[in-house]
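Participant: Okay, sequence plus prediction incoming.
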Amino acid sequence: MGAYAAAASDEWCAADAPVDVADATAEYTLRVLGKTLFGIETDDRREAVRAGAHAIRERSSDAPGAVAVPEWLPTPSNRRYRRGISQLESVIDALLDKQESAADGDDLLSLLQAATGPDGPSEDEIRSQLATFLFAGHETSATALTWALYEIGRRPDVARRLAAEVDEVVTGEYATLDDLPALGYTDRFLRETLRRYPPAAAIFRETDAAVRIGGYRMPADTFVVIPQFHVHTDDRWWDDPYRFDPSRWESTEETDSDRPEYAYFPFEGGPRHCIGMRFARLELKIALATFVHRCRVDHDVDEVGVDVGSTVRPATEIDARISRRSPTETP
Ligand code: HEM
C-alpha cells in the first residue's frame, strides 16, 4: 500500500497536466487490490475493470423507472451496462485461469479456489465474489481518497495541520504500519471524510418478517433503504453537519455518548457490514499520509456538487495540480 502510494505520488508530480483525482485514486486502489487480494499487477486490466465499475455506477444512478426495465431489452442503457459488465467478466475469466494465480498462494483467489469440496464455493459463487471484491474494494476507497484530496486542496488550514503531523511522524519514503498510531489528526481527517462524504450512499435491506423499528411498523418483505449519506448530515446528531471539520472528532468520548451508535456508519454494521473495513482504513491512512508527505495538492474547485449513485462522488471532475513538496515546506 505504501510503496504503491509513493509510486502514484511520483507519477502525479511528474505529470505535465492537471491530474483527474478520481481517476488517479481509482488507479491506485485497483493496483493495491490486485496485488493484495489476487497477487497480480492490474495495469493492463484497468480499463476493463473501470468499464465494469462505470456500468454498475451508471445503473445505480438511473431513475427508479429505468431500473425496472428488464435487462434483456436492448435499450441503449442496457447495452452500455452489458458491455461494461462483460469487460469486468473478462477480467474475472483471466483471474480464474489457474496460471494467473499460484494455486498454493495465500491471496484471496487462491484461498477461494483451494476451498473445494461439498461445502466449498461453486465456480459461479467464486465469480460473484470476485466481481463484488473488484468493484466494492476499489471504487469505495478511491472515492474516499478523492474527497480527501479535494478537501486538502481547498482548505489550507487543514492541509497545513495534516502536513505538520505527517512530516513529524513519517521518516521513510512512505507511511508504514509503525507510523500509524502517531497519526491522530490524519485519523480524524479520514473519519470526517467518511462522515461528510460516505462512499456508499445507502444500504438496502428487506424484512423477513413483520417488525417494528423506531415506532414504524413494517410488514414482511418491506424494502428498506438506510441512507448513511443523510444520517451523517442530520443536525439532530451533528453540529453544523455540512461543515468539513476534522476537529469535531477530538472530543469523541463526550460527543459519542449522546449520539446513537448508528449516527455514523460508513461501513454499515451487523453481520453483513463491510468485510474490507479494516483493509480500507489501513489503506486510506497509509495512502493519505504518503500523499501528504510527498506532494502538494492545488485545485480551483471550491464548492462541488455531490453525485449520489452506487458511490457518492463529486459531480464534476477535480483536476488538481500536484507537485512535489519537501517535508520542510508548508503546503
Ligand atoms: C472507504 C472504503 C469502503 C467503504 C466506505 C465501504 C463500505 C461498504 C458498505 C457500506 C458495505 C455494506 C453494503 C451492504 O450491506 O449492502 C460494504 C460491503 C462490502 N465491502 Fe466495503 N467499503 C469500503 C472498502 C472496501 C474494501 C477495500 C473491500 C475489499 C478489500 C471491500 C469489500 C466489501 C465486500 C466484499 C462487501 C460485501 C460484504 C457482504 O455482502 O457481506 N470494501 N462495503
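Facilitator: Noted; the coordinates are in hand. Residues are numbered from 1 along each chain as shown.
Participant: Leaving out the residues flanking it, which one is nearest to the residue in the chain that the ligand sits nearest to?
Facilitator: Scanning the chain for the residue nearest the ligand gives Gly276, at 2.2 Å (criterion: C-beta to the nearest ligand atom). No exception for glycine: its C-beta is placed from N, CA and C like everyone else's. Leaving aside its sequence neighbours, Gly276 sits nearest to Gly137 (C-beta to C-beta, 6 or more residues apart in numbering; 5.5 Å).
Participant: could you measure that neighbour against Pro266, distance?
Facilitator: 15 Å (C-beta to C-beta, to the nearest Å).
Participant: now Lys285
Facilitator: From Lys285 to Pro266 the distance is 14 Å (C-beta to C-beta).
Participant: Comparing those two, which residue is more hemmed in?
Facilitator: With neighbours defined as other C-beta atoms under 10 Å, Lys285 and Pro266 compare such that Pro266 has more, 23 against 20.
Participant: ok, now which ones touch that one?
Facilitator: Contact partners of Pro266, counting by C-beta atoms under 8 Å, 6 or more residues apart in numbering, are 194-195, 198-200, 228, 232.
Participant: how about 7 Å then?
Facilitator: 194, 198, 228 (C-beta atoms under 7 Å, 6 or more residues apart in numbering).
Participant: surely Phe135 meets Ala55?
Facilitator: No - Phe135 is beyond contact range of Ala55, at 9.7 Å (criterion: C-beta atoms under 7 Å).
Participant: residues in contact with Asp302?
Facilitator: With contact set as C-beta under 7 Å, 6+ apart, Asp302 has these partners: Arg154.
Participant: would it count as being in a strand?
Facilitator: No - Asp302 is assigned coil when assessed by DSSP: H, G, I helix; E, B strand; the rest coil, not a strand.
Participant: For Arg160, grab the count of nearby residues.
Facilitator: Neighbours around Arg160, by other C-beta under 10 Å: 13.
Participant: so it sits in a strand?
Facilitator: No - under the criterion used here (three-state DSSP), Arg160 is helix, not part of a strand.
Participant: Please report how far it lies from Ser86.
Facilitator: Arg160 is 47 Å from Ser86, where distance means C-beta to C-beta.
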